[in-house]
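Novice: what's the 3D shape of this:
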Amino acid sequence: MPGWLVDQLPRALAHDRFTRGFVGIFEEIADGIRSQIDALEYYADVDTAPPGFVRWLGSWIGLDVEATLAEERQRAIVRVAGHLFTVRGTAQGLTALLEAVTGGEVRVVDGGGVWPAGEAPPNPRRILVRLTDTGGLDEVHLYRLIASELPVGTSVELRIGDRTVALPAPSATSTAPFEDQVPPELGPLDPRSPAAPFPEPPLPAPPPSDPGTDEAQS
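Specialist: Coordinates of the predicted model:
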């Protein structure tokens, strides 16, 4: 309601043009905050949230949505990923996610299985992902997305049509320890962090000597 804050000025100040304009600035700022609070439920909805906020919602579940994709494709990816969270890391979950990302046909061949002792194949933790199209997604980004959905220690062979995609350079899918992946600008771990080693407690200082006691002992 326009003027809701200005109209609360005391009568002596309400007729001052500068005061009304100055208070009106805060009224305008407060109106923007109030409108965002009123629309908070729409920000948490993938179908109505702004595109940037949709990508941020995807980051809540570890999903990196490329900003160059069409807006509707971004919404579809986050929506599907949320529904598939309970089957994440499975062939079913990966297939459904890639279908939403690419908009094409996807086939995931899982090399896992159960074998008697000593009869397992040399490399069972390897999957084959076949796509008819990337849906306009960059191949490196697509590979990273697939790798992020796989169980630890699983390798992937990606084929788009009849072509096998060359894997990214090791730096693109680094397996270095977490500490080595912290951006340099963040600096070293805070000494108060639980991940940092606890410092050795300092030795207590010796109690001060009592001059009277020293004289008695001498």
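
Novice: burial count for Ala120?
Specialist: By other CB atoms under 10 Å, 12 other residues sit near Ala120. Placement of C-beta: from N, CA and C, glycine included.

Novice: Mind pulling up the pLDDT for it?
Specialist: We have a pLDDT of 73 for Ala120.

Novice: helix, strand or coil for it?
Specialist: coil (DSSP: H, G, I helix; E, B strand; the rest coil).

Novice: Quickly note the distance from it to Leu142.
Specialist: For Ala120, the distance to Leu142 (CB to CB, to the nearest Å) stands at 30 Å.

Novice: And the strands in the protein?
Specialist: 106-110, 126-131, 155-160, 163-164 (DSSP state E).

Novice: okay, those strands, which one's buried deepest?
Specialist: The highest mean neighbour count among these, using mean count of other CB atoms under 10 Å, belongs to strand 126-131: a mean of 19.

Novice: what lines up beside it in the sheet?
Specialist: strand 106-110 (antiparallel), strand 155-160 (parallel) (DSSP bridges).

Novice: Poorly predicted segments of this structure, please.
Specialist: 1-2, 111-112, 123-124, 167-218 (pLDDT under 70).

Novice: how about a cut-off of 90?
Specialist: Along the chain, segments meeting pLDDT under 90 span 1-94, 96-106, 108-218.

Novice: tell me the domain boundaries of it?
Specialist: 1-38, 48-83, 87-113+121-172 (automatic domain parsing).
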